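> structure of the sequence below:
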Amino acid sequence: MAMNRPARSAALALGTAMAAIAALTPAQALTHASDPLPTVTPRSETPTLYDDEAGGSANADDPAIWRNPADPDNSLVIATAKEGGLRVYDLDARQVQSVPAPPAPGPDDAPGRFNNVDLVHGLRLPAGRADLAVTTDRGHDRLRFYRIDRRNTGGPLTDVTDPAAPRVFSAGQDEVNDQQTAYGLAVWTDPATGRSYALVSRRNRTTVALLEITPTADGRVTYRKVRTLDLPSAFRLPDGTSWTPCAEPGELPQLEGMVVDPANGTLYAGQEDVGIWRMRADLTGTPDLVDKVREYGVPGVYDEETEECAPGADPGFGGSYLAADVEGLTLLTEADGDGYVLASSQGDDTFALYDRETQDDNEYEGGFRVTAGRTVDGSEECDGAAVLNAPLGSRYPRGLLVVQDGHDTPSVPEGREATGFKFVDLGRVMDRIDD
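Now for the predicted structure:
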């Protein structure tokens, strides 16, 4: 899909999307939807991360899997730890590198906070092509770029971010400190032009930005903004009423989990309290809401004391397979080119699979849970996920699924938030799906 097509009017796209939403009816459950979902157990887990002063304020969020084509056994999992920066793991889930987030520019400013990560392969730099890890630095409202080289004795990641890289959304530091900054991320290379792009969502807003990733003459990497698209924040329900997801005053229903299908240039984006959108990766055309969370349409009242939303009666307009929040989205590609869009249903600790074929409206194909084994616990309240259906040496000859665990090591002392990542044999997942 070429990037040089003229963008349609944002107002037209938004209006058409709203009309499509109004026409949606409550999802009809498949005959097997009420059956128990199959379960898989992780093979290994990363060391626990603790989001407190003693643990380095590290909080596991989003992983990406880098396959080493020269030596698949030495492939890597690169993952965000928010204020803890990036963590790099080998296929045994052992940490091989820790990359700190940049410090705050001033004593009253927000520190670096790495939210999501993705990979761009074969970007042309002055010294040759390179694979890069790209992360959203929510604390500074920027993208950060790290060259991947497994042979580097100082660690496989080297920072190649242009110091002059612009803020993604904010006009100044005061706006950055308000934290309506770069949040979710998906990276895509347009096969028609060879150009690479990052799609970035904005925290507490419905905006998605398209950024072209560009190298500099000195071998650094920066980006330029191509266009933005605002998804709806209010929705007309089938009974004619209007609904806005409950949130803290001033916050809009944000997006985080995103992935691009390279076969057709389609972006899938999870609006956490709404559902999964499908749209062109160049952000032209009309977005389509392909599935909704169960809580879609449920009214709520925000309580300032508890900082929680008290839900009202369910009018029955929600979907059947996702429980808010809908989080990490990733693409499971099969050998024949088919496959699934995989989404984390954070509210009920499950993972949902949707057909990739757009002409089938991304039909729900089933789901599964990642549960505790003998020595490794499962995944709860999963934020991010990554899957790679390719041989990864002797450990994962049929591929790997990595999922975040929002409640790692249940025996941690009260008050300590413990998170981590679970490594799951993708072959076992596929076997359970096919049963």
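
> which residues of the protein score low on pLDDT?
1-35, 359 (pLDDT under 70).

> strands of the stretch 1-150 of the chain, residue ranges please.
39-40, 44-45, 49-50, 63-66, 76-80, 86-89, 95-99, 114-125, 128-137, 142-148 (DSSP state E, counting those that start in this stretch).

> out of these, which is the most enclosed?
Comparing those by mean neighbour count (mean count of other CB atoms under 10 Å), strand 76-80 ranks first with a mean of 26. Just so you know, the C-beta spots here come from the backbone N, C-alpha and C atoms, and that holds for glycine as well.

> so what's Asp349 up against?
369, 378-382 (CB atoms under 8 Å, 6 or more residues apart in numbering).

> so it versus Gly297, what's the distance?
For Asp349, the distance to Gly297 equals 23 Å [CB to CB, to the nearest Å].

> leaving out sequence neighbours, find the closest residue to Val187.
Of all residues not flanking Val187 in the chain, Asp118 sits nearest, at 4.1 Å (CB to CB, 6 or more residues apart in numbering).

> what bridges to that neighbour?
The partner list for Asp118 in beta bridges (DSSP bridges) reads Val134.

> show me what contacts it?
With CB under 8 Å, 6+ apart, Asp118 has these contacts: 64, 133-134, 185-187, 198.

> out of these, who's nearest Gly275?
Ala186 (17.0 Å; CB to CB).

> name the SS class of the closest one, please.
Of the three states, Ala186 takes strand under DSSP: H, G, I helix; E, B strand; the rest coil.

> could you tell me how many residues sit around it?
Using other CB atoms under 10 Å, Ala186 is surrounded by 24 other residues.

> so it makes contact with Met258?
Yes. With contact defined as CB atoms under 8 Å, Ala186 counts as touching Met258 (3.9 Å).

> and for these two, which residues touch both?
199, 267, 269.

> relative to Leu132, how far out is the spatially closest residue to Asp149 that is not a sequence neighbour?
Closest residue to Asp149 apart from its sequence neighbours, by CB to CB, 6+ apart: Pro156 at 5.9 Å. Distance of Pro156 to Leu132, given as CB to CB: 12 Å.

> please apply the same query to Arg220.
Distance, Arg220 to Leu132, using CB to CB: 11 Å.

> hey, what's in contact with both of these two?
Common contacts of Arg220 and Leu132, defined by CB under 8 Å, 6+ apart, comprise 145, 160.

> contact partners for the residue nearest the centre of the chain?
Centroid-nearest residue in the chain: Gly257, 2.9 Å away (criterion: CA atoms, centre = their mean). The contact partners of Gly257, by CB under 8 Å, 6+ apart, come to 184, 269-270, 326-329, 343-344, 384.

> which element is it on?
Gly257 belongs to strand 255-261 when assigned by DSSP states H and E.

> strand partners (parallel or antiparallel) of that strand?
strand 266-271 (antiparallel).

> with just CA atoms, put the strand it pairs with into CSV.
Taking Å, rounded to 0.1, in the frame of the first residue of the first chain, the C-alpha atoms of strand 266-271 are listed here in CSV:
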residue,chain,number,x,y,z
THR,A,266,-3.7,-2.9,7.7
LEU,A,267,-3.4,-1.5,11.2
TYR,A,268,-5.1,-3.1,14.1
ALA,A,269,-5.4,-0.9,17.1
GLY,A,270,-6.9,-1.7,20.5
GLN,A,271,-8.9,1.2,22.1
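
> nothing else from me, thank you.
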